[in-house]
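Visitor: Structure, please.
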Amino acid sequence: MLLGYLFIFIARVADVSLFTIRMLFIVRGKRVQAALLGFVEVIIYITALGKVVSGLSDYRNLLVYALGYACGNIVGSFLEEKLAIGKITAQIVCSHCDGKILAENLRDEGFGVTVVEGEGRDGKRYILNVMMNRKNIKKLYNILDQLEKRPVVTVFDIKSIKGGYFAKMKRR
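Guide: Residues are numbered from 1 along each chain as shown. Have a look, this model is predicted:
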């Protein structure tokens, strides 16, 4: 009986985690990967649901199923964060350092950077637009922490890119 509960829980965690990753693939335009994950996801889902439905007289099946769903959301979001699939644009507004120098430092680390000059409340500012893989955002923040006291950073998801500079990041 305990193995049955464990099976339902693990199956539900796996199925909801796969759902989260599948949705990420769909949003990123990766249809084939999403379809393959969906295939596996639905097999797991139907198997777990069948186990619950066949034992509806045992309320614990339903509780374990719901707990697996809740935990699957946590695991799925953790996996999504670790996989960091996709591309982003970080827009950096420099207020204390020379944006051109910061841009060169970022380029030396393999980032593609476009610099735009702007006007803020307190005068001239540099706005750096950096396109990168999502998994490189921590590296960007580490560089910024060393070179700019209080940058304003906004991050946007990118669905598709055509053209531009996208080099492999340097490894340390």
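Visitor: rest of the way, CA atoms for contacts and neighbours
Guide: OK.
Visitor: pLDDT on the top strand by length along the chain, on average?
Guide: Counting by DSSP state E, the longest strand found in the chain is strand 123-133. For strand 123-133, the mean pLDDT works out to 89.
Visitor: partners of that strand in the sheet?
Guide: Sheet pairing of strand 123-133 (DSSP bridges) gives strand 87-94 (antiparallel), strand 112-120 (antiparallel).
Visitor: quick one: contacts of the first one?
Guide: Looking back up the chat, that one is strand 87-94. By CA atoms under 8 Å, 6 or more residues apart in numbering, the list of residues contacting strand 87-94 from outside reads 125-134, 148, 150-159.
Visitor: Could you list the alpha-carbon positions for the helix or strand containing residue 42 in PDB?
Guide: Assessed by DSSP states H and E, residue 42 sits inside helix 31-54. Included here for helix 31-54 are C-alpha records, laid out as PDB according to Å, rounded to 0.1, in the frame of the first residue of the first chain:
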ATOM      1  CA  ARG A  31       7.800  22.400 -30.700                       C
ATOM      2  CA  VAL A  32       9.400  19.000 -31.300                       C
ATOM      3  CA  GLN A  33      11.000  18.900 -27.800                       C
ATOM      4  CA  ALA A  34       7.600  20.000 -26.300                       C
ATOM      5  CA  ALA A  35       5.800  17.300 -28.200                       C
ATOM      6  CA  LEU A  36       8.200  14.600 -27.000                       C
ATOM      7  CA  LEU A  37       8.000  15.800 -23.400                       C
ATOM      8  CA  GLY A  38       4.200  15.900 -23.800                       C
ATOM      9  CA  PHE A  39       4.100  12.300 -24.900                       C
ATOM     10  CA  VAL A  40       6.000  11.100 -21.800                       C
ATOM     11  CA  GLU A  41       4.100  13.500 -19.600                       C
ATOM     12  CA  VAL A  42       0.700  12.100 -20.600                       C
ATOM     13  CA  ILE A  43       1.700   8.500 -20.100                       C
ATOM     14  CA  ILE A  44       2.900   9.300 -16.600                       C
ATOM     15  CA  TYR A  45      -0.200  11.400 -15.900                       C
ATOM     16  CA  ILE A  46      -2.700   8.700 -17.100                       C
ATOM     17  CA  THR A  47      -0.900   6.000 -15.200                       C
ATOM     18  CA  ALA A  48      -1.000   8.000 -11.900                       C
ATOM     19  CA  LEU A  49      -4.600   9.100 -12.500                       C
ATOM     20  CA  GLY A  50      -5.600   5.500 -13.200                       C
ATOM     21  CA  LYS A  51      -4.100   4.400  -9.900                       C
ATOM     22  CA  VAL A  52      -6.000   7.100  -8.000                       C
ATOM     23  CA  VAL A  53      -9.300   6.500  -9.800                       C
ATOM     24  CA  SER A  54      -9.200   2.800  -9.300                       C
END
